[in-house]
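In: Below are the sequence and a predicted model for it; my questions follow.
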Protein chains: 2
Amino acid sequence: MATIKDVARHAGVAISTVSAVLNRSAPVSEQAVEKVAKAIAAVGYVPHGAARSLRSGNSQLIGLVVPNIANPHFAAVAREIENICLAAGYMSVVYSTGQDPERESQVLKMLRVQRVAGLIIIPTRSDAEHGGRLVDQIGVPTVLLDMFVEGLPYHVIKTDNIEAGRLATDHLLELGHRRIGIIAGIPGLATSDDRLAGYRKAYAEHGISPEPSLEVAGNFDQAEAHDRAIELLQRPDRPTAIVTISNMMTLGLLFAVRELRMKVPEELSIVGIDDLEIAGVLDPAPTVVVTPILAMSRRAIEMLLKQIAHKQAATGGWEIHQPYLLVRDSTRALD
Amino acid sequence: MATIKDVARHAGVAISTVSAVLNRSAPVSEQAVEKVAKAIAAVGYVPHGAARSLRSGNSQLIGLVVPNIANPHFAAVAREIENICLAAGYMSVVYSTGQDPERESQVLKMLRVQRVAGLIIIPTRSDAEHGGRLVDQIGVPTVLLDMFVEGLPYHVIKTDNIEAGRLATDHLLELGHRRIGIIAGIPGLATSDDRLAGYRKAYAEHGISPEPSLEVAGNFDQAEAHDRAIELLQRPDRPTAIVTISNMMTLGLLFAVRELRMKVPEELSIVGIDDLEIAGVLDPAPTVVVTPILAMSRRAIEMLLKQIAHKQAATGGWEIHQPYLLVRDSTRALD
DNA sequence: TTGTCTATACGAAACGTTTCGACTAAAGCA
DNA sequence: TGCTTTAGTCGAAACGTTTCGTATAGACAA
């Protein structure tokens, strides 16, 4: 494959001149530019990214680490970030952790090997210990998306998760529900804990206390949520409404409901957190708390690119986006 | 950041010895291995991918080019390929074309700059002219996934698309439907054309001819399919059944149906091609023709890795996977 | 003893760029 | 006129690896 050397020879100029043309990094005469352009086309030159990266110390790579790229929610994030990166002359590299810290480590290691210029990451854990491990494994400008991690010196862009949980629960309480189940996520994960805290907060605001046995832990997956939902719904004192804290969990719940041949919202009201693009075609269309994921993604990559460009240290600040309730057909007032 | 040089100094051995340890590329004494291992940990060494890639001419990168990563169908492909790549010591880099040849070019260019070792691509067009352009832009071991392109010397892994279209249509004909609409994709795209051909083939097998006005062209998107569906369904002589040729299109159709407050399958039968993971929770759950996308992805990456490892020239062969009909609740016999 | 072989280890070249200091010639200035 | 700038160009060093030919030392055979 042709190198810059071939281009130089073909154009009858020095290698450094070709480089100057390529990068507009030094003044070059018009005729030289022209000769180089011709030579590039003639020899079919394509720059060698690795060589460039090695010499300049600049890989033009952005790492994106999400729980699971197969989840449409995160796939949408990936697409958005891909677009913005491409427009800015960067390439994004996406990896899934499967919510597994071990795999997260492996992925971060590979991204370090590639010397990514920056990182957008939705971490697998949010405790301080994990934060400590993470910061050792990162070492580049980073933005934390969607998830807070104790003691990490990076900018965080997230939803107001307490408010999200509160919004969902408050809606049901307002409709007269009193036995509201919640299928929460992995205990210890900030996003999950906060949404659960919001659930409790809504109860508190109504001056009643939730029943602890109606709070069940899952993970963020559909299958797990399905199983927890079945358990919850087969109890003799089953709840009249259920809150799920992620899109996949909402789906899992819907599967369970369908399996049990229950009528929604007649026999059970449902509120999910995070919207599903396919919500409109579900029957009933689920009432959800919408988190502005696309806007958050956009902010995250913009902020990251700015940090990289200005060599700014991370501010460690928070940017919190407000969720909102979108009422559809899966909830009804209790009579 | 620490380099191999620092490791060598710290361990009191030569750079080449460290390299030999790292790559197991030459015999090294046990004590040297140990010293190097300690030194690596001590200085916090992480190999520099670009340097390695430059010197060895081996990037360990696999490019994956899909129409749209935000489509769960392709996100699943990406996840599968990511896993297999990681296990084989490669990294996958995923890009979306938006079904736009221009963007496809841009993406391929970036992947060339990165000197990817191989490519899995779902191309944007399948005519010979596009094939010619593509082959110029590629130049590495490549597997074509899901889509045939005229005159490209690469291995193709695809579904039997004619059969997929036939299966969907035949099912409806067997149920007594005679006015079956089809919302096809972009004319000229092999996948789309073949599925349409299958539709006609089924009619032919039943000894009747389809009505041309019931065949409408769209693209593969939800919005487009939605609009075409509305048009189709508002005709006075509207079809009693509709076939859609992609998962997103099926969704678009379902939206349209819901908007028009039509009852499925009572007033309209629906068969989609490509399954939706969420099918089970839709009401009605759509009858679909399943294409074994995960198995195909797996085969594609395995085949690609084999080509890369053995420096085999592409065989240019085809591997055709058979689709099958999965009857759910969106179709009924016409009485 | 001498020579050959094997197991380790080493040093230096090379990969394809960018970058920087040095050089030339023309232009501007006093 | 001579001196300083400036635009344009060049050559060589450097980035962090891998790779290959060579060197050393001990083991073994003759």
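Out: Looks like it arrived, so ask away. Residues are numbered from 1 along each chain as shown, chains lettered A, B, ... in the order given.
In: Give me the nearest residue to residue A:232, chain neighbours excluded.
Out: residue A:181 (4.9 Å; Cβ to Cβ, 6 or more residues apart in numbering or on different chains). For glycine as for every other residue, the C-beta is placed from the backbone atoms N, C-alpha and C.
In: close enough to count as contact, the one you found and residue A:214?
Out: Yes: using Cβ atoms under 8 Å, residue A:181 is in contact with residue A:214, at 4.4 Å.
In: overlap in contacts of these two?
Out: Common contacts of residue A:181 and residue A:214 (Cβ atoms under 8 Å, 6 or more residues apart in numbering or on different chains): A:232, A:239.
In: more neighbours, the two?
Out: residue A:181 (28 against 20; other Cβ atoms under 10 Å in any protein chain shown).
In: hmm, back to that, so what's the residue nearest to residue A:232 up against?
Out: A:214-216, A:232, A:238-239, A:241-243.
In: gap between stretch A:47-54 and the chain center?
Out: 29 Å (Cα atoms, centre = their mean, to the nearest Å).
In: From the rest of the structure, what touches that stretch?
Out: Under Cβ under 8 Å, 6+ apart, the answer for stretch A:47-54 is A:3-4, A:22, A:58-60, A:115, B:48-51, B:53-54, B:59, B:113-115.
In: Filter these down to just the buried residues.
Out: A:3-4, A:22, A:59-60, A:115, B:48-51, B:53-54, B:59, B:113-115 (16 or more other Cβ atoms under 10 Å in any protein chain shown).
In: Also within reach of DNA strand D: list those from those residues.
Out: Taking Cβ under 7 Å from any atom of the strand as the test, DNA strand D is in contact with B:48, B:51, B:54 out of these.
In: does the second one belong to a helix or a strand, and which?
Out: By that I understand residue B:51. helix B:49-56 (DSSP states H and E).
In: quick one: that helix near DNA strand C?
Out: Yes: Helix B:49-56 lies within reach of DNA strand C by Cβ under 7 Å from any atom of the strand, at B:51, B:54-55.
In: So which of those is the closest to residue B:94?
Out: Nearest to residue B:94 out of the residues of helix B:49-56 next to DNA strand C is residue B:54 (Cβ to Cβ; 23.5 Å).
In: okay, that closest one: pLDDT?
Out: Turning to residue B:54, the model gives it a pLDDT of 97.
In: With residue A:312 instead?
Out: At residue A:312, pLDDT is 74.
In: Correct me if wrong: residue A:170 contacts residue A:204.
Out: No: Residue A:170 is beyond contact range of residue A:204, at 10.7 Å (criterion: Cβ under 8 Å).
In: how much space between the residue nearest to residue A:232 and residue A:216?
Out: Residue A:181 sits 7 Å away from residue A:216 when distances are taken as Cβ to Cβ, to the nearest Å.
In: which residues do these two both contact?
Out: Joint contacts of residue A:181 and residue A:216 (Cβ under 8 Å, 6+ apart) are residue A:232.
In: what's the burial count for residue A:333?
Out: Counted with other Cβ under 10 Å, residue A:333 comes out at 11.
In: And what about it, helix, strand or coil?
Out: coil (DSSP: H, G, I helix; E, B strand; the rest coil).
In: what about the strands in the stretch 1-150 of chain A?
Out: Under the criterion DSSP state E, counting those that start in this stretch, the stretch 1-150 of chain A contains strands at A:61-66, A:91-96, A:118-121, A:142-145.
In: want to throw the ones you listed into TSV with mean neighbour count, distance to residue B:87 and mean pLDDT?
Out: Formatted as TSV, the strands of the stretch 1-150 of chain A follow (neighbours: other Cβ atoms under 10 Å in any protein chain shown; distance: least, Cβ to Cβ, whole Å; pLDDT from 0 to 100):
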stretch	mean neighbour count	distance to residue B:87	mean pLDDT
strand A:61-66	25	18	98
strand A:91-96	24	13	96
strand A:118-121	26	22	97
strand A:142-145	25	26	95
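In: can I get these in JSON lines with distance to residue A:200?
Out: Listed next are the strands of the stretch 1-150 of chain A as JSON lines, based on distance: least, Cβ to Cβ, whole Å:
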{"stretch": "strand A:61-66", "distance to residue A:200": "28"}
{"stretch": "strand A:91-96", "distance to residue A:200": "31"}
{"stretch": "strand A:118-121", "distance to residue A:200": "28"}
{"stretch": "strand A:142-145", "distance to residue A:200": "25"}
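In: between the ones you listed, which one is nearest to residue B:147?
Out: strand A:91-96 (22.1 Å).
In: which one of the buried ones among the contacts of stretch A:47-54 sits closest to residue B:175?
Out: residue B:114 (50.8 Å).
In: how near is the closest residue to that closest one other than its chain neighbours to residue A:56?
Out: Using Cβ to Cβ, 6+ apart and skipping the chain neighbours, the partner closest in space to residue B:114 is residue A:49 (4.7 Å). According to Cβ to Cβ, residue A:49 stands 10 Å off from residue A:56.
In: and what of residue A:189?
Out: Note on residue A:189: its distance to residue A:56, by Cβ to Cβ, is 39 Å.
In: What is the host helix or strand of residue A:305 packed up against?
Out: Remark: residue A:305 resides in helix A:293-310, with elements defined by DSSP H and E. Judged by 3 or more Cβ pairs under 8 Å, 6 or more residues apart in numbering or on different chains; DSSP states H and E, helix A:293-310 is in contact with strand A:61-66, helix A:72-87, strand A:118-121, strand A:142-145, strand A:155-159, strand A:318-321.
In: wait, which of the ones you listed is closest to DNA strand C?
Out: Minimum separation from DNA strand C across the helices and strands packed on helix A:293-310 (Cβ to the nearest atom of the strand) falls at strand A:61-66, 15.1 Å.
In: That closest one pairs with which strands, and in what direction?
Out: According to DSSP bridges, strand A:61-66 forms sheet pairs with strand A:91-96 (parallel), strand A:118-121 (parallel).
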